[in-house]
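Asker: Here is my input, please return the structure:
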Amino acid sequence: MPELPEVETVIRGISSSMLGQTINKCELSLKKLRYPKTRNFKKIILSTKVISISRRAKYILINLSNNKTIIIHLGMSGRIILTSNNKNSKFKHTHMSLYFKNNLIAKFIDPRRFGCILLFDTKAISKNRLFIHLGLEPLSKQFNPNYLERSCQNKKASIKSVIMNQSIVVGIGNIYASESLFRSGINPKRKAFNITYEQCVQLVKNIKFVLNRAIKLGGSSINDYSMVDGMLGYFQNELKVYEREGKNCSKKTCNGRILRIVIAQRSTYYCSQCQKN
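Answerer: Residues are numbered from 1 along each chain as shown. Just a heads-up that it's a prediction; the model follows:
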């Protein structure tokens with residue numbers, strides 16, 4: 001499933017081509033996605049210009065010149081591919097095609113159909129039901145050790161569950177939670193209320209490092225994900241614990257092995273020695 005780095009990579013991949021371009025035509029599939037498509041979607045966006053493209057949590061926000069915003073969630077297997085009229089490329093499971101006046105076509109493809117395409121008023125986005133309960137962005141200045149420490153107080157849930165709680169901090173999916181906890185030397189099972197301030201300092205620092213590093217490398221190409229140009233991301237080559245069950249710890253000074261447990265119905269990987277506490 002695409003996580004924050006993958007979504008950010010998609011945004012950076014489409015922005016240079018789509019910004020300032022006018023939507024000339026829109027095609028929508030009749031197949032259902034997670035939510036019903038917005039009524040009169042095609043009519044509302046026709047002849048509008050893309051003025052900015054941004055991200056909130058794992059949602060892609062394409063802001064248009066008529067004060068409307070196309071909201072896309074990639075779901076489990078969604079992708080956005082850029083092509084052109086000249087190539088006449090056809091892709092299975094295409095749910096939306098945006099045709100621009102510069103001969104560009106942006107296609108939203110989602111084989112498993114857990115993604116969504118919606119249209120809302122730009123000014124009302126923050127109050128929208130999809131966004132109103134979302135927590136801080138992990139790469140923002142507001143997400144800091146003091147905030148994380150306050151968020152952990154009196155919580156009996158595991159620290160891994162807390163940093164994956166979208167109402168506290170958004171976009172830290174399973175891969176990046178496991179990797180950040182490993183780099184911080186924190187056991188993912190540790191109760192949140194037992195996390196010290198010093199551990200919060202390390203964890204915030206490593207969450208930001210891991211996410212930025214993954215963005216730089218184009219995300220992690222595990223299962224269905226690839227970048228806008230079809231190339232694979234490279235961060236999976238730097239994974240220290242995720243899906244490395246039974247392998248030796250990557251730290252030369254450690255004799256531990258990578259274990260797999262289940263926390264909140266998600267596979268969790270950690271080192272038996274480095275992450276005792």
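
Asker: Just to confirm, what's the three-state secondary structure of residue 43?
Answerer: Of the three states, residue 43 takes helix according to DSSP: H, G, I helix; E, B strand; the rest coil.

Asker: Give me the helices and strands touching the helix-or-strand element of the chain with minimal mean pLDDT, please.
Answerer: In the chain, no helix or strand scores lower on mean pLDDT, DSSP states H and E than strand 79-84, which sits at a mean of 88. For strand 79-84, the elements it packs on are helix 4-18, strand 104-109, judged by 3 or more Cβ pairs under 8 Å, 6 or more residues apart in numbering; DSSP states H and E. Just so you know, the C-beta spots here come from the backbone N, C-alpha and C atoms, and that holds for glycine as well.

Asker: Quick one: closest of these to residue 218.
Answerer: helix 4-18 (5.2 Å; Cβ to Cβ).

Asker: Count the residues that sit near residue 273.
Answerer: 14 (other Cβ atoms under 10 Å).

Asker: That one reaches residue 258, doesn't it?
Answerer: No: using Cβ atoms under 8 Å, residue 273 is not in contact with residue 258; the gap is 10.2 Å.

Asker: wait, which of the helices and strands packed on strand 79-84 is closest to residue 38?
Answerer: So among the helices and strands packed on strand 79-84, strand 104-109 is nearest, using Cβ to Cβ, at 13.9 Å.

Asker: Now do the next helix or strand after the closest one against strand 104-109, angle only.
Answerer: Remark: after strand 104-109, the chain's next helix or strand is strand 116-121, criterion DSSP states H and E. If you take axes from the mean of the first three to the mean of the last three Cα atoms, to 10 degrees, strand 116-121 sits at 120 degrees to strand 104-109.

Asker: The helix or strand that the least confident helix or strand of the chain is followed by vs strand 116-121, what angle?
Answerer: Downstream of strand 79-84, the next assigned helix or strand under DSSP H and E is strand 94-100. The directions of strand 94-100 and strand 116-121 differ by 50 degrees, with the same axes, to 10 degrees as the criterion.

Asker: show me where pLDDT drops low in the stretch 51-200 of the chain?
Answerer: 86-89 (pLDDT under 70).

Asker: intersection of neighbour lists for residue 273 and residue 258?
Answerer: residue 249 (Cβ atoms under 8 Å, 6 or more residues apart in numbering).

Asker: Out of the helices and strands packed on strand 79-84, which gets nearest to residue 125?
Answerer: Using Cβ to Cβ, the helices and strands packed on strand 79-84 put helix 4-18 closest to residue 125, at 15.4 Å.

Asker: what about dumping the CA coordinates of that closest one to PDB?
Answerer: In PDB, the C-alpha atoms belonging to helix 4-18 read as follows (Å, rounded to 0.1, in the frame of the first residue of the first chain):
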ATOM      1  CA  LEU A   4       3.400   9.000   2.700                       C
ATOM      2  CA  PRO A   5       6.800   8.800   0.800                       C
ATOM      3  CA  GLU A   6       5.200   7.100  -2.100                       C
ATOM      4  CA  VAL A   7       2.400   9.700  -2.300                       C
ATOM      5  CA  GLU A   8       4.900  12.500  -2.000                       C
ATOM      6  CA  THR A   9       6.900  11.000  -4.800                       C
ATOM      7  CA  VAL A  10       3.800  10.800  -7.000                       C
ATOM      8  CA  ILE A  11       3.100  14.500  -6.300                       C
ATOM      9  CA  ARG A  12       6.600  15.600  -7.200                       C
ATOM     10  CA  GLY A  13       6.400  13.400 -10.300                       C
ATOM     11  CA  ILE A  14       3.200  15.000 -11.700                       C
ATOM     12  CA  SER A  15       3.600  18.600 -10.600                       C
ATOM     13  CA  SER A  16       6.200  19.700 -13.100                       C
ATOM     14  CA  SER A  17       4.000  18.500 -16.000                       C
ATOM     15  CA  MET A  18       0.500  19.300 -14.800                       C
END
